[in-house]
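Asker: for reference, the sequence and a predicted model appear below.
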Amino acid sequence: MGVITYDMEIPSSIPPAKMFKAFVLDGDTLIPKILPQAIKNVEILEGDGGAGTIKHITFGEGSAYKSVKQRVDAVDKENFTYSYTVIEGDVLMGTFESISYHIKIVASPDGGSICKNRSIYNTKVDAQVTEEEIKSGKEKASGMFKALEAYLLANPDA
């Protein structure tokens with residue numbers, strides 16, 4: 001099995017606590033509301049949202065994929081960190097054993113925040129992954145984050 005790691009940073013004008021609440025704590029209901037074409041719904045199969053929780057995410061009509069199952073690995077509300085692993089689903093494309101994401105939202109000098117995202121792709125033996133496949137996933141994640149930012153700017157009390 002091989003490992004491919006990518007880091008990405010996405011700036012936002014939203015402060016860290018508010019972005020973490022929207023993206024992580026309220027994300028299961030908020031993201032399908034804001035981006036139904038990307039994510040249709042999120043269902044908790046087991047757990048309470050904390051570490052060990054298993055979620056089933058159904059993608060929207062505009063997605064190339066149907067669904068994924070992910071495991072929450074860690075949630076730290078004080079330090080604004082969230083880790084989860086995709087453990088099943090067509091997004092693994094028969095190429096990956098799993099994909100882990102480690103997200104940390106930190107304060108930026110301008111009063112906003114920076115979402116630091118590390119993606120770890122655990123490939124199956126002899127699997128070949130193109131830069132385009134990884135880039136596509138990064139662009140979708142960035143787009144989702146920016147859509148959430150736009151929603152929070154338009155709805156300051158959300």
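Answerer: Sure, I can see it. Numbers count the residues shown, from 1 in each chain.
Asker: what's stretch 68-82 in contact with?
Answerer: Here stretch 68-82 makes contact (CB atoms under 8 Å, 6 or more residues apart in numbering) with 16-17, 19-20, 23-25, 45, 47, 49-57, 59, 83-92, 100, 102-106. Using the backbone N, CA and C atoms, a C-beta is placed for each residue, glycine as well.
Asker: touching, residue 57 and residue 39? I think so.
Answerer: Yes: if you go by CB atoms under 8 Å, residue 57 and residue 39 touch, sitting 6.1 Å apart.
Asker: please check the contacts of stretch 68-82 and keep the buried ones.
Answerer: 16, 19-20, 23-24, 53, 55, 57, 59, 83-86, 89, 91-92, 100, 102-105 (16 or more other CB atoms under 10 Å).
Asker: doesn't residue 10 lie inside a helix?
Answerer: No: Residue 10 is assigned strand when assessed by DSSP: H, G, I helix; E, B strand; the rest coil, not a helix.
Asker: got the contact list for it?
Answerer: Counting by CB under 8 Å, 6+ apart, residue 10 has contacts 114, 115, 117, 141, 142, 145, 146.
Asker: narrow these to those in strands?
Answerer: Assigned to strands by DSSP state E, the following of the contacts of residue 10 qualify: 114, 115, 117.
Asker: show me the beta-bridge partners of the second one.
Answerer: This points to residue 115. Applying DSSP bridges to residue 115 yields these beta-bridge partners: residue 10, residue 105.
Asker: and for it, the neighbour number?
Answerer: Around residue 115 there are 24 other residues, counting by other CB atoms under 10 Å.
Asker: list the residues that contact it.
Answerer: Contacts for residue 115 were tallied using CB under 8 Å, 6+ apart; they are 9, 10, 11, 12, 19, 23, 103, 104, 105, 145.
Asker: tell me which of those is nearest to residue 153?
Answerer: Using CB to CB, the shortest approach to residue 153 within the contacts of residue 115 belongs to residue 12, at 9.5 Å.
Asker: now the most centrally placed residue in the chain, nearest residue through space, not along the chain?
Answerer: The C-alpha lying nearest the average C-alpha coordinate of the chain belongs to residue 141 (CA atoms, centre = their mean; 6.3 Å). Residue nearest to residue 141 in three dimensions, not counting chain neighbours: residue 117, with 6.5 Å by CB to CB, 6 or more residues apart in numbering.
Asker: many thanks, I have nothing further to ask.
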